[in-house]
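K.L.:
what follows is a protein structure lacking sequence information:
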């Protein structure tokens, strides 16, 4: 009896495979296993043209085969294929579970996420999926023995394969060109979910942009800004801006939602703007955009970095500006003003596992107000309704809508439970903004106060199979682009500044509004005269008597 475990009968022989053959198998794998959303959406777009769809599918397949073959070289093939498989695995999870598209802005948003925020997305199901569809195939790639031809023969062979794939790709593209052009124009997202090509390409674009933008210095804006003497009641003008997170207009009862999600604000004589659109569908875009002088159509990430923003203009006018943050940062908006990031405080009253409920913001308001000496603006940046862990955004006493989803894995909850948890976050935001209003009311003898609240973007709660946010704006559902916005003004401020609140309420209900209005409306509220102020974009200018006092200065 032979006990030698090294004998040929006991050896596990590694299978040998050609490098191009391995590329072919990897191509089939990523196309069939990690591209369900891509094939489902594209099939829906080509329903009336089945022949064009098959040609399209063939062209996509040979295109990826050509890409993989390009990296078929000794010491390169395995690492590159493993990288592509892992990227496709992770991307397909977010595609299939949340309907998320991994574009450049989504990558930008992910890059600035906190560890706690990202941790909510790393569930047991996510880990299992990545192990099964990413890590196990990668281990197989590591295990097999890849056969490579001599260098010259390999170069010739790879070139032939790539040229053949390219020829099929071109033939498929030209045979139904008019169909592809029409569908591409009608459905701009046609290629957005192709894994792993688009996530990798968009990551490269993000890195290039970030490298290029690393040393950008903001050009001064509104240096002529000055406070004009419209209100002279001996009290500093104080505006508190509450920048919300992930609140969608559809779930605000102030706008007609059938659940009472705004019971406190409904009692505080606020003006609500029901038809307001956001500048983006993710915080990394919307926050710098809405504080910029640019409209949504004009704005770009580069422009936002190159130009000073609303807070800088206020500073030029000698207004004291402070930013308190409970979200993921100011995205360079607060680079030149006093700024405090609150989660590292780990205040046990509000914080757990690196995140804090928004009461930590209002807890700081009294201390800030105690120090107010002149005209001042305070920005409170909420964590708000950020998902998927909605249940962690509100304390027990705000679990009014039940049963509420108590998990960050949506698969374990019904649509009703997810929506209830989300509605509880809106209820809690209603409470937070109401407290801020009350704090200004309590100081009406010493300050002329106003509160402006708006959300940065909305949220999808399962409509059409889509969850969370961050969809490309051109195809984003209204749930991600329609946001709540409201304003409260102290009675003495409205009277002395000449604001007709009845007029304001009427115009708010009838008109359409957007983040484009924020820059100019805040300047108007603070009575800041500057050449960059546009009264046409000031939400409140038409309701001042005489009409637009600020424009007269």
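P.N.:
In hand now; what should we look at? In this text the structure is predicted, and so the values were computed from the model without any measurement.
K.L.:
which non-adjacent residue is nearest residue 407?
P.N.:
residue 413 (6.0 Å; Cβ to Cβ, 6 or more residues apart in numbering). Every residue, glycine included, has its C-beta placed from N, CA and C.
K.L.:
and the pLDDT at the one you found?
P.N.:
As predicted, residue 413 sits at a pLDDT of 96.
K.L.:
secondary structure element for the closest residue to residue 390 other than its chain neighbours?
P.N.:
Spatial nearest neighbour of residue 390, chain neighbours left out: residue 421 (3.9 Å); criterion: Cβ to Cβ, 6+ apart. Using DSSP states H and E, residue 421 sits in helix 415-441.
K.L.:
residues of that helix that come out buried?
P.N.:
Buried residues in helix 415-441, counted by 16 or more other Cβ atoms under 10 Å: 417-437, 439-440.
K.L.:
stretch 161-169 now?
P.N.:
Those buried within stretch 161-169 under the rule 16+ other Cβ under 10 Å are 161, 162, 165, 168, 169.
K.L.:
now those residues in TSV, with pLDDT and secondary structure?
P.N.:
TSV is the format used below for the buried residues of stretch 161-169 (pLDDT from 0 to 100; DSSP: H, G, I helix; E, B strand; the rest coil):
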residue	pLDDT	secondary structure
161	95	helix
162	96	helix
165	96	helix
168	96	helix
169	95	helix
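K.L.:
of those residues, closest to residue 361?
P.N.:
For the buried residues of stretch 161-169, the closest approach to residue 361 (Cβ to Cβ) belongs to residue 169, at 53.7 Å.
K.L.:
quick check, that closest one in contact with residue 66.
P.N.:
Yes - at 7.1 Å, residue 169 counts as touching residue 66 under the criterion of Cβ atoms under 8 Å.
K.L.:
returning to that earlier point: wait, doesn't the residue nearest to residue 390 sit right on residue 405?
P.N.:
Yes - if you go by Cβ under 8 Å, residue 421 and residue 405 touch, sitting 4.3 Å apart.
K.L.:
how close does the residue nearest to residue 407 get to residue 299?
P.N.:
Look at residue 413 and residue 299: by Cβ to Cβ, to the nearest Å, they are 36 Å apart.
K.L.:
now do residue 25
P.N.:
Taking Cβ to Cβ, one finds residue 25 at 44 Å from residue 299.
K.L.:
more crowded one of the two?
P.N.:
Using other Cβ atoms under 10 Å as the criterion, residue 25 and residue 299 rank with residue 299 on top: 22 against 17.
K.L.:
so which helix or strand takes in the closest residue to the more buried one other than its chain neighbours?
P.N.:
Closest residue to residue 299 apart from its sequence neighbours, by Cβ to Cβ, 6+ apart: residue 289 at 4.5 Å. Assigned by DSSP H and E, residue 289 belongs to helix 283-290.
K.L.:
thinking again about what came up before, which residues does the residue nearest to residue 299 contact?
P.N.:
279, 280, 296, 299, 304, 515 (Cβ atoms under 8 Å, 6 or more residues apart in numbering).
K.L.:
ok, so of those residues, who is nearest residue 242?
P.N.:
With Cβ to Cβ as the yardstick, the closest approach to residue 242 among the contacts of residue 289 comes from residue 515, at 14.3 Å.
K.L.:
pretty sure the closest one contacts residue 279?
P.N.:
Yes - counting by Cβ under 8 Å, residue 515 sits close enough to residue 279 to count as a contact (4.0 Å).
K.L.:
what is in contact with those two at once?
P.N.:
With Cβ under 8 Å, 6+ apart as the test, residue 515 and residue 279 both reach 286, 289, 290, 296.
K.L.:
follow-up on the earlier one: off-centre distance for the helix holding residue 421?
P.N.:
20 Å (Cα atoms, centre = their mean, to the nearest Å).
K.L.:
same deal with stretch 48-67?
P.N.:
So, by Cα atoms, centre = their mean, the centroid of stretch 48-67 is 32 Å from its chain's centroid.
K.L.:
what is the mean pLDDT for it?
P.N.:
pLDDT averaged over stretch 48-67 gives 95.
K.L.:
can you list the residues that contact that stretch?
P.N.:
So stretch 48-67 is contacted by 23-24, 27, 30-31, 39, 42-43, 46, 161-162, 164-166, 168-169, 172-173, 175-176, 179-180, 183, 194, 197 (Cβ under 8 Å, 6+ apart).
K.L.:
just the buried residues of the lowest-mean-pLDDT helix or strand in the chain, please?
P.N.:
Of all helical and strand segments in the chain, the minimum by mean pLDDT, DSSP states H and E falls on helix 115-119, at a mean of 80. Neighbour counts over helix 115-119 (16+ other Cβ under 10 Å) mark 116, 117 as buried.
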